[in-house]
Every structure is written in structure tokens, then in C-alpha cells.
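Trainee: This is the structure alone, sequence omitted:
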Ligand SMILES: Nc1ncnc2c1ncn2[C@@H]1O[C@H](COP(=O)(O)OP(=O)(O)OP(=O)(O)O)[C@@H](O)[C@H]1O
């Protein structure tokens, strides 16, 4: 996003924040300082991507250029048009494997927001023959929103390759019976994709060259998705290339993936590499749902400086929270699974356009959704599976909505019981995340600011400028004995 339009959005937002949060905006000096810091951060972000792309330990690191990856000129044009200067690590590693002849299968893991979608989109666009007017690539995503978003990436990257056409196999896209699709790429959700291949025969599965499973672990681990994906796969020719991508793979899912994909190339992260250190993670202790709500109101001014996503466990809580926030005068968007498809798409678009700063949602948005300006993720409820056990994968995907492609992000976990503290501890043990604790939710805005804005000298300054509730350093406790450079300045 261009600096100007972003800055303008900040100005508009600040004006709005002033009307809804007098406490936060009472200090004009602090506001203006924040404004500068954010712009500063934005500018340094571009540099940061460049720097990260030269750091061998970064997931954005690459030694090659897009030219060296031998992309078609039309696609190079598309890639540069999207503002990509060099490939990320996953793109650099996966693309040669995906473009090799004869085609090779691939199961690939890379941290959220590191360019997996762009990688498999480039592979699909490289493989299709635009002279053949029938589907050649199928890409299956777990949600409608994600399918739409991936489709947009295909459209953008293929902008200079107009002969290649795309169609969405999603609920609500009704085709005439008996018709045969002419588009070369079909992107959709598993149920509709299966219907289009078997029941309606809009697609001839025998002609498919590339089959992509995005968020492959959820496609495999969710029973319905797994059945449908495997039924689609069985209809495809033996030599059809299979590409499985995700930021997370549980061990059992990984084993299953290796059983269903013949002779795969494998790109796998070590456990300690799974989280991005550009995302700072905090938790705040509360005693009840109401207290969590209060804590959220306290930080509202800080989180709406850019954009935030708030995750709830159930649709009911999400609805309740969105209602309460609205009653407090905050403008929030709500997105949950029971909404009509068109409504869901409209909400995502408005959020992407910055018309709403805060999106209250459920796990329906935990994966894949890519909104560059999201700098804060709040787990109003911690992610648990149906048995109440910690859901580590969903945790990583949720916090991965921020910190996209080298940007800085902040994740705040709200803990309201002994049980939820245990859940957070178990997530922490499993992923070696470094959590920071604040026992007093009312001081959270300070923490939010410390986590978000990088130049260390500003931490102390912000602390003093905004800090009516300044607290001694001892209350900033790092678990795991892992002290980051931030503690020094606090
Ligand atoms: N080589 C690149 N240079 C600059 N930006 C890039 C590059 N590749 C991808 N991006 C941008 O980075 C962001 C994240 O990329 P993408 O959505 O492909 O990540 P992802 O790994 O698929 O994320 P998730 O795990 O959440 O699905 C997008 O906004 C994308 O446009």
C-alpha cells in the first residue's frame, strides 16, 4: 500500500478514534508522536523486507532473482507489478521443484505470510497451456473467503497473461447444467469442486495437470474436507502434479499427506522456526468475559491505529462482543460462518479497504486471510479444539494474520481462568513462543505500543508521553527466561 494512502487512513482513523476514545486521544502530543512513529515504521518496513531478504536466517531470504526462476515474461511482469522485488525463501525453494520436468509432487511448509500463495499461483500460471480451453489446474481452499482471495492473486499475477482464465467453484456460483468449463484454472472449496468434477461434470478431471491443496493440513484433518479432497484426487490422472501447502502440519497430518502424495519433495520447518519473531506475543490476565471486554476497550485506541482482528471461539461470543463494542460507540465489523456468502465477502472487502479497523471473527478467518495493515491480533478466546485442548496450529495461523511478509505484528492473548492459563502455557511449551505478561489489563495500551513500534528509543518516550499508568519494570515478565532487547528500554 502506498505510504500516502496509508498515512491518510491513519489521519482519518485518528480523527475517528478521538471521538470514540477520549482517554486515549487526550494527549495530542502522544497522538502526533504515534503518528510519526507509525509512518516511520512503514517506511522502514520496506527496508526491512530488503534486509530480511538478505538475512540467511529469515524466511524471506533468497539468493536468486525472479528471472533466475525462469518465469514466463508475462508472469515476471505480473510479479514486479505487484511490487515484489525478489522471491522469498519458500518461493525460491519451491518454484524450481514445482516447475521441473517431469512434474514433481511437493508438500511444503512455510511460516504464515511468507509467500506460499504467490508460489503456487506462479506454478499454476506457469503450467497451463492457454491454447487449451479447458480446466488444467484445480486449487482447493478450505473457506470461501480464502478461495476468493487466492483467485485475486491469480488475477493480479496473471494480469499480463490475459489468455489464461479463472473460474470460482464456490457456493452460489451456479452454472448451467451440461456446460463444459473453458477456463484453465479453477479455484474453489472442496464440496463445490467435487460436484463440478463428478455430479455436474463441468470439469473433466482426467485433463487436470496440477492439483493444489491450500491450507493442506486443515484439508486433511477436517473429515468432510478430507473425504472430498481425496475423492477429487482419485479422479485425477496418475501423473497429475500434487502440491500441498500450509504454515503448519501436525505430525499425524504430515504422515497422512506423505501417504496420499506419491514421491513428494518435502519442505519442512523445524519446530522452533514455526513462529515468526517479527510477531510479539503478550498475554493479559482477566477474571471474566466482562473484564476481557473492559481490557479490550482500554486498548481500543491503540489497536485501531492500524487494523486489528479479534478472534472468538464461538459465533455467539463473536456476536456478543461485536454488539458490546458497537454499544460502546466503536465501529467494528463482524464475520462468522453463519452469514450469507455475499455478506461475508462484503465484510472482508470493507475490512481490506480499511473502512472498518476492527474485525471480530471466529476461526473462519484464522487462516490465509491477507490484509497487509493488520498489526494486531487479539485472541479474545484462546484457540481450543472440540475437546477443549489447545489448538496450536490455529494459534499460529491466527497470529499469522499479522506480521505479513516481514512486517511487525502484535498478538495479545486474553486469559480469564486457570484453565485458559494452562492452555496458553501448553501452546507456549509446544511452540517455544515468548510471551509477555501484564497483570493489569488497564495498562495494556502501553504494552501494545511497546510491542508494535520498533525504534527502541521510542519505547521509553511513549511510555512517558502516554504513561499516566506507568508501571515499574518488574511487572514486565518474560517467561522462558527469554529477555528481548525491549526490556532494556522499559
Ligand atoms: N516475493 C515477495 N515480495 C514481496 N511481497 C511478497 C512476496 N511474496 C508474497 N508477498 C506478499 O506477502 C504477503 C503474504 O504472502 P502470501 O499470502 O502468499 O503468504 P502465505 O505464506 O500464503 O500466507 P498464509 O500462511 O497466511 O496463507 C502478501 O501480501 C503478498 O502479496
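Mentor: Perfect, thanks for sending it. Model, not experiment: these values are computed from the prediction. Numbering: from 1, shown residues only.

Trainee: residues touching the residue nearest the centre of the chain, list them.
Mentor: Using C-alpha atoms, centre = their mean, the residue of the chain that lies closest to the mean C-alpha position is residue 401, 3.3 Å off. For residue 401, the contacting residues are 112, 309, 365-366, 369, 371, 374, 377, by C-beta atoms under 8 Å, 6 or more residues apart in numbering. The C-beta positions use only the backbone N, C-alpha and C, and glycine is treated the same way.

Trainee: Point out the residues in the stretch 151-300 of the chain that sit beside the ligand.
Mentor: residue 247 (C-beta under 6 Å from any ligand atom).

Trainee: ok and the residue in the stretch 151-300 of the chain nearest the ligand?
Mentor: Residue nearest to the ligand within the stretch 151-300 of the chain: residue 247 (4.1 Å; C-beta to the nearest ligand atom).

Trainee: Distance of residue 90 relative to residue 122?
Mentor: Distance of residue 90 to residue 122, computed by C-beta to C-beta, to the nearest Å: 11 Å.

Trainee: neighbour count winner among those two?
Mentor: Neighbour comparison, residue 90 and residue 122: the larger count goes to residue 122, with 29 against 24 (by other C-beta atoms under 10 Å).

Trainee: Now for this protein, the helix or strand with the poorest mean pLDDT.
Mentor: Counting by mean pLDDT, DSSP states H and E, the chain has its least confident helix or strand at helix 486-489, which shows a mean of 20.

Trainee: Leaving out sequence neighbours, find the closest residue to residue 269.
Mentor: Leaving aside its chain neighbours, residue 269 sits nearest to residue 109 (5.0 Å; criterion: C-beta to C-beta, 6 or more residues apart in numbering).

Trainee: Count the neighbours of whichever residue of the stretch 301-450 of the chain sits closest to the ligand for me.
Mentor: Relative to the ligand, the nearest point of the stretch 301-450 of the chain is residue 405 (3.3 Å; C-beta to the nearest ligand atom). Counted with other C-beta under 10 Å, residues neighbouring residue 405 total 22.

Trainee: From what I see, it and residue 117 are in contact.
Mentor: No. Taking C-beta atoms under 8 Å as the definition, residue 405 is not a contact partner of residue 117, at 11.0 Å.

Trainee: Need the overlap of contacts for these two.
Mentor: Going by C-beta under 8 Å, 6+ apart, no residue sits against residue 405 while also sitting against residue 117.

Trainee: element containing residue 227, please.
Mentor: helix 223-235 (DSSP states H and E).

Trainee: isn't residue 230 right up against residue 259?
Mentor: No. Assessed by C-beta under 8 Å, residue 230 is found out of contact with residue 259, at 10.8 Å.

Trainee: between these two, which one's more packed in?
Mentor: residue 230 (14 against 7).

Trainee: what's the nearest residue to the more buried one if we skip its chain neighbours?
Mentor: In space, and not counting its chain neighbours, residue 230 is closest to residue 260: 6.8 Å by C-beta to C-beta, 6+ apart.

Trainee: Same check on residue 190?
Mentor: residue 228 is the one closest to residue 190 (C-beta to C-beta, 6+ apart), at 3.8 Å.

Trainee: What confidence value was assigned to the one you found?
Mentor: pLDDT for residue 228: 90.

Trainee: quick one on the thing from earlier: report the buried residues of the helix holding residue 227.
Mentor: Buried positions in helix 223-235, judged by neighbour count with 16 or more other C-beta atoms under 10 Å: 225-226, 228-229, 232-233, 235.

Trainee: immediately after that helix, which helix or strand?
Mentor: strand 241-246.

Trainee: Enumerate the positions of the helix or strand hosting residue 427 that are buried.
Mentor: Per DSSP H and E, residue 427 falls inside helix 418-431. By neighbour count on 16+ other C-beta under 10 Å, the buried set for helix 418-431 is 420-421, 423-424, 427-428, 431.

Trainee: Among those residues, which one sits closest to residue 72?
Mentor: Within the buried residues of helix 418-431, the smallest distance to residue 72 is 38.8 Å, found for residue 431 (C-beta to C-beta).

Trainee: Ramachandran coordinates for the residue lying farthest from the centre of the chain?
Mentor: Here the chain reaches farthest from its C-alpha mean at residue 178, the gap being 37.6 Å by C-alpha atoms, centre = their mean. The phi/psi pair for residue 178 (degrees, to the nearest 10) reads phi 90, psi -10.

Trainee: Give me the pLDDT value at it.
Mentor: Residue 178 is assigned a predicted lDDT (pLDDT) of 91.

Trainee: how about stretch 70-85: buried residues?
Mentor: Buried residues in stretch 70-85, counting neighbours by 16+ other C-beta under 10 Å, are found at 71, 74-76, 78-79, 84.

Trainee: which outside residues touch that stretch?
Mentor: 49-50, 53, 66-67, 95, 99, 118, 122, 125-126, 156-161.

Trainee: Would you verify that residue 398 is located in a strand?
Mentor: No. Counting by DSSP: H, G, I helix; E, B strand; the rest coil, residue 398 falls outside a strand, being helix.

Trainee: That one and residue 377 touch, don't they?
Mentor: Yes. In terms of C-beta under 8 Å, residue 398 counts as a neighbour of residue 377; the distance is 5.8 Å.

Trainee: pLDDT below threshold where in this protein?
Mentor: Scanning the chain with the threshold set as pLDDT under 70 gives 1-63, 271-277, 403, 406, 430-490.

Trainee: Let me see the domain layout of it.
Mentor: Using the TED database, the domain ranges for the chain come out as 35-269, 279-453.

Trainee: out of those domains, deepest packed?
Mentor: domain 279-453 (a mean of 20; mean count of other C-beta atoms under 10 Å).

Trainee: which stretches of the stretch 351-490 of the chain form helices?
Mentor: 392-399, 418-431, 444-452, 456-466, 486-489 (DSSP state H, counting those that start in this stretch).

Trainee: again, but for the stretch 151-300 of the chain
Mentor: Using DSSP H, counting those that start in this stretch, helices in the stretch 151-300 of the chain cover 190-194, 216-221, 223-235, 251-260, 289-303.

Trainee: Surely residue 206 and residue 237 touch.
Mentor: Yes. Under the criterion of C-beta under 8 Å, residue 206 makes contact with residue 237 at 5.6 Å.

Trainee: interface residues of the stretch 1-150 of the chain facing the ligand?
Mentor: Within reach of the ligand by C-beta under 6 Å from any ligand atom, the stretch 1-150 of the chain has these residues: 82, 84, 87-88, 91, 110, 112-118.

Trainee: which one among those gets closest to residue 186?
Mentor: residue 117 (16.1 Å).

Trainee: Measure how the helix or strand the closest one falls within sits relative to strand 241-246, angle-wise.
Mentor: Assignment of secondary structure by DSSP H and E places residue 117 within helix 116-127. Here helix 116-127 runs at an angle of 170 degrees relative to strand 241-246 (axes from the mean of the first three to the mean of the last three C-alpha atoms, to 10 degrees).
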